[in-house]
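Engineer: no letters, just coordinates:
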Ligand SMILES: [Zn+2]
């Protein structure tokens, strides 16, 4: 599932083609994704000028001159495909597509249909039912050790589960939580309420560094999408623990690491080093 860095990368790729353009054609090929698409979506978007983009957690908001924002979520497997309008007109599982006045088409491809599209007044974006409960943006100034500590106070769940709760901090999922906990030297099984203080400071720094590096990697992958038929959504990234079961971690000093372990925690794979994460 795309997490904050992938969503940020997709949004930047979309913005490169759509910001400042007018939508001359809008097509809905499938009226129900995770939820039904808003009625009249094609009519309401056709002719609209795209002012710009904003990301909130794992959501993309495309702001239109008429005062509405298109809310987009990629779900489990959604991706954005960009190409020249008119060429290769139908892509399998392309449920929603817009074309610009300068001849580009941008489509949402989502075989599993867990993604969705909605319209919300731009002035009320943050009151949308899916955005209203989101916690702070981890890369913005409002996310601090004090804020994180307050959110974790009294929580008896494991810190990993707490960080995946979008109300604690927005945009993190399984991969980047594993990575940030490793970088902070905090066990994924630690009771969340015991993290506040110096550990919370380490964790905030680790989350920021992890996300910033991944966004930079995504940004460099965007160069591949400058040409037609680019596909936005996922990029290769060198994770430190995720997917590295049995390998030595990079933080263990001296005697070799006992190896990165994988356990199933809350139904998801957790990767960690039991030696450096406490
Ligand atoms: Zn290790």
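Structural biologist: That came in fine, so what should we check first? Keep in mind it's a predicted model, so treat the numbers as computed, not measured.

Engineer: ok, residue 73 - contacts?
Structural biologist: 34, 58, 59, 60, 115, 116, 117, 130 (Cβ atoms under 8 Å, 6 or more residues apart in numbering). Glycine gets a C-beta too; all of them are placed from N, C-alpha and C.

Engineer: go on, residue 144?
Structural biologist: With Cβ under 8 Å, 6+ apart, residue 144 has these contacts: residue 204.

Engineer: need the distance between the two termini of stretch 154-165.
Structural biologist: Start and end residues of stretch 154-165 are separated by 15 Å (Cα to Cα, to the nearest Å).

Engineer: re earlier: go through the contacts of residue 73 and name the one nearest the ion.
Structural biologist: residue 58 (29.7 Å; Cβ to the ion).

Engineer: from the ion, how far out is the closest residue to residue 187 other than its chain neighbours?
Structural biologist: In space, residue 187 comes closest to residue 277 once its chain neighbours are excluded; the distance is 4.6 Å by Cβ to Cβ, 6 or more residues apart in numbering. Using Cβ to the ion, to the nearest Å, we find residue 277 at a distance of 8 Å from the ion.

Engineer: in the chain, which spans are helices?
Structural biologist: For the chain, the helices defined by DSSP state H occupy 4-18, 41-45, 145-152, 159-164, 174-184, 198-222.

Engineer: pick the most deeply packed of those helices.
Structural biologist: Mean neighbour count (mean count of other Cβ atoms under 10 Å) peaks for helix 174-184 among the helices of the chain, with a mean of 25.

Engineer: that one: how far from the chain's middle?
Structural biologist: From the chain centre to the centre of helix 174-184 is a distance of 15 Å (Cα atoms, centre = their mean, to the nearest Å).

Engineer: now do that helix: everything it contacts.
Structural biologist: Contacts for helix 174-184 (Cβ under 8 Å, 6+ apart): 1, 3-5, 159-160, 163-164, 172, 187-188, 199, 202-203, 205-207, 209-211, 214, 239-242, 249, 251, 268-273, 276-277.

Engineer: could you give me the average pLDDT of that helix?
Structural biologist: Mean pLDDT, helix 174-184: 97.

Engineer: and the angle for it with helix 4-18?
Structural biologist: Orientation of helix 174-184 against helix 4-18 (axes from the mean of the first three to the mean of the last three Cα atoms, to 10 degrees) gives an angle of 120 degrees.

Engineer: report whether helix 174-184 contacts the ion.
Structural biologist: No. Helix 174-184 lies apart from the ion when judged by Cβ under 5 Å from the ion; the minimum separation is 8.8 Å.
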